[in-house]
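Visitor: Build the 3D model from these lines:
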Amino acid sequence: MNIPKRYPSLVILIVFIATDLSRAVTRNNIPAANDPSLPSIKDVFKPFGKITVEIINDIGGTVPLPFHCKSKDDDFGDQSLQPGGSWSFSFKRQFFGRTLFFCSFVLPNGSFYFDIFRDHRDTAGEDWCQHCVWKIRPTGPCRFNGVHKKFDVCFPWNKNKSLY
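Guide: A predicted model of the protein is given here:
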């Protein structure tokens, strides 16, 4: 099969974009009441823009929250959040919409696992997010809802209790 010269360069461009989009960066945060950086319904989803995932310790009491987040390509190692503390990471979505980051959390009642960013869940429909802010609670993670301005997009823990 004879392939014209323009097609190999297109394939190289697609491979470059797909690998470049999956790089992730982390950041520690200090929570602030009524934080203006929380996303709002006025935000416009940018399909190839940077996604930020923020995790907030909302398990209650004075207990720190140990956790470990990773994807197929990135491993953020063991982390810990003080009560009310937050931690975040940013990345660009994979070209074909298969981005997945998952975390294992150690709570007083055991270890639990959750897909903290799942492309088709978090970038589609009314509940999409560009800045996905999660409060980790004993019953499961709850994501900030830009429409209601509350952490009311809640999910149960994944059936597998741990990543390890």
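
Visitor: For the closest residue to Arg93 other than its chain neighbours, give me the pLDDT.
Guide: Spatial nearest neighbour of Arg93, chain neighbours left out: Thr99 (4.7 Å); criterion: CB to CB, 6 or more residues apart in numbering. Any C-beta I mention is one placed from the backbone N, CA and C, and that applies to glycine too. Here, the pLDDT recorded for Thr99 equals 89.

Visitor: quick one: Thr99 and Phe91 touch, right?
Guide: Yes. Using CB atoms under 8 Å, Thr99 makes contact with Phe91 at a distance of 7.2 Å.

Visitor: Make sure I have this right: Arg121 is in a helix.
Guide: Yes. With DSSP: H, G, I helix; E, B strand; the rest coil as the criterion, Arg121 is assigned to a helix.

Visitor: for it, what are its contacts?
Guide: Residues in contact with Arg121 (CB atoms under 8 Å, 6 or more residues apart in numbering) are 115, 127.

Visitor: and it, how far is that from Leu81?
Guide: 23 Å (CB to CB, to the nearest Å).

Visitor: Check Glu54 too.
Guide: When Glu54 is compared with Leu81 (using CB to CB), they lie 11 Å apart.

Visitor: Common neighbours of those two, please.
Guide: Both Glu54 and Leu81 are contacted by Trp87, under the criterion CB under 8 Å, 6+ apart.
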